[in-house]
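> mind folding the following:
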Amino acid sequence: MAALAWLLIPLVAAIVAGLWGSWANRTRKVRSDGPELDGYARFREAMERPHSRT
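Here you go, the predicted model:
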């Protein structure tokens, strides 16, 4: 019986990992890369500005 318990631990862990992965990926299909790309564009604009030395 103890061997069965040790075999169930990885099975339960795999099921939990699959459920967590599907939950974590649930918004990726709905949300596009728009906000991330907008943030990157703002970052590039800020880095291209000349720096004032004071």
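> going forward, measure contacts and count neighbours with C-alpha atoms only.
Will do.
> now the residue nearest in space to the middle of the chain: how far from Asp33?
In the chain, the residue lying closest to the centroid (Cα atoms, centre = their mean) is Ala24, at 7.1 Å. Per Cα to Cα, to the nearest Å, Ala24 is found 16 Å from Asp33.
> what stretches of this protein score poorly on pLDDT?
The chain contains residues with pLDDT under 70 at 27-32, 53-54.
> mind listing the strands for it?
With strands called from DSSP state E, the chain shows none.
> all helices of it, in order?
For the chain, applying DSSP state H gives helices covering 2-24, 34-48.
> other SSEs contacting the longest one?
Where contact means 3 or more Cα pairs under 8 Å, 6 or more residues apart in numbering; DSSP states H and E, helix 2-24 is not packed against any helix or strand.
> which residues sit against it?
Helix 2-24 has contacts (Cα atoms under 8 Å, 6 or more residues apart in numbering) with no other residue.
> try the last one
With Cα under 8 Å, 6+ apart as the test, helix 34-48 has no contacts from any other residue.
> may I see the buried residues of that helix?
Residues of helix 34-48 classed as buried: none (neighbour count, 16 or more other Cα atoms under 10 Å).
> for that helix, the distance to its chain's centre please.
Offset of helix 34-48 from its chain centre (Cα atoms, centre = their mean, to the nearest Å): 20 Å.
> CA-only coordinates of it in PDB, if you can.
Extracted as PDB, the C-alpha positions of helix 34-48 are listed here (Å, rounded to 0.1, in the frame of the first residue of the first chain):
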ATOM      1  CA  GLY A  34      -0.600  45.200 -27.300                       C
ATOM      2  CA  PRO A  35       0.200  46.600 -23.800                       C
ATOM      3  CA  GLU A  36       3.600  45.000 -23.700                       C
ATOM      4  CA  LEU A  37       4.500  46.400 -27.200                       C
ATOM      5  CA  ASP A  38       3.300  49.800 -26.200                       C
ATOM      6  CA  GLY A  39       5.400  49.700 -23.100                       C
ATOM      7  CA  TYR A  40       8.400  48.700 -25.100                       C
ATOM      8  CA  ALA A  41       7.800  51.500 -27.600                       C
ATOM      9  CA  ARG A  42       7.800  54.000 -24.700                       C
ATOM     10  CA  PHE A  43      11.000  52.500 -23.300                       C
ATOM     11  CA  ARG A  44      12.700  52.800 -26.700                       C
ATOM     12  CA  GLU A  45      11.600  56.500 -27.000                       C
ATOM     13  CA  ALA A  46      12.900  57.200 -23.500                       C
ATOM     14  CA  MET A  47      16.300  55.600 -24.300                       C
ATOM     15  CA  GLU A  48      16.600  57.500 -27.600                       C
END
